[in-house]
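Next one to model:
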Amino acid sequence: MRAVLDANVLFPTILREILTDLAAAGLYEARWSDRIIEEWRRAAARLGPEQEVVAGAEITMLRLRFPQAPVPCDGQAVIDLDLPDPADRHVVEAALAAGAGLIVTANLRDFPQRLMAGLGLRAVHPDAFLVDLWQRDAAAIERALGDAQQKAAASGGDMSMQQMMKRCRLPRLAKALRG
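You can find the predicted model right below:
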């Protein structure tokens, strides 16, 4: 299964770590465009120059880790989409160019279900996406969560698993893990 990761799931760091670890484990194929990566960089830059530098380093590491992930897509394809936010057209174009059936995004309202279905796509929240992957391979999800928690702790973000899940807005996954 191939999925395009929207900028809003690549930045924040913890959620990106979880999602990319699962892609590295082979649970799905992660894809994105250079424009999606630039949205991440701009979001980090709004937090200050230091965060922009950190994002630049994280982007470089991500590109080295997943050289096959970038989709050649400039966001200028001629497709007539009536999206709530026309600036998100490039994400849909990236998914189509990648042959991905999924867009993992925290902004579901920007990708109407009926419109996406007409294109053979589905936009899913990272929580629903991770619950689906957990149902397929609970051990891989638990490893990715544990690794993300350890990385957060190593960089000064020591928190419980429940706190981390809450911070990442993953309530359904947290409930599934408790159940």
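
At which residues are the helices of this structure located?
Secondary structure of the chain by DSSP state H: the helices cover 7-10, 13-24, 34-45, 49-65, 89-98, 113-118, 126-136, 138-154, 161-167, 171-178.

do you know which of the ones you listed lies nearest Met1?
helix 126-136 (9.2 Å; C-beta to C-beta). C-betas here are computed from N, CA, C, even on glycine.

on that earlier part again, now the helices of the chain in JSON lines, with mean pLDDT?
Below are the helices of the chain laid out as JSON lines (pLDDT from 0 to 100):
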{"stretch": "helix 7-10", "mean pLDDT": "96"}
{"stretch": "helix 13-24", "mean pLDDT": "96"}
{"stretch": "helix 34-45", "mean pLDDT": "93"}
{"stretch": "helix 49-65", "mean pLDDT": "93"}
{"stretch": "helix 89-98", "mean pLDDT": "92"}
{"stretch": "helix 113-118", "mean pLDDT": "92"}
{"stretch": "helix 126-136", "mean pLDDT": "97"}
{"stretch": "helix 138-154", "mean pLDDT": "93"}
{"stretch": "helix 161-167", "mean pLDDT": "91"}
{"stretch": "helix 171-178", "mean pLDDT": "93"}
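
Pipe these into TSV and attach distance to Cys73 and mean neighbour count per row.
Below are the helices of the chain laid out as TSV (distance: least, C-beta to C-beta, whole Å; neighbours: other C-beta atoms under 10 Å):
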stretch	distance to Cys73	mean neighbour count
helix 7-10	14	23
helix 13-24	18	20
helix 34-45	7	18
helix 49-65	16	13
helix 89-98	4	23
helix 113-118	17	12
helix 126-136	21	19
helix 138-154	27	16
helix 161-167	31	16
helix 171-178	29	16
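
Using CSV, lay out those together with distance to Pro72.
Output for these, formatted as CSV (distance: least, C-beta to C-beta, whole Å):
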stretch, distance to Pro72
helix 7-10, 18
helix 13-24, 19
helix 34-45, 8
helix 49-65, 14
helix 89-98, 7
helix 113-118, 22
helix 126-136, 24
helix 138-154, 28
helix 161-167, 34
helix 171-178, 32
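
do you know which of those helices lies nearest Asp82?
Minimum separation from Asp82 across these (C-beta to C-beta) falls at helix 113-118, 7.1 Å.

Other residues contacting stretch 163-179?
Contact with stretch 163-179 is made by 12, 14-15, 18, 106, 126-128, 130-131, 134, 141-142, 145, 148-149, 152, 159, 161-162, as judged by C-beta atoms under 8 Å, 6 or more residues apart in numbering.

Check the gap between Arg109 and Met116 for me.
12 Å (C-beta to C-beta, to the nearest Å).
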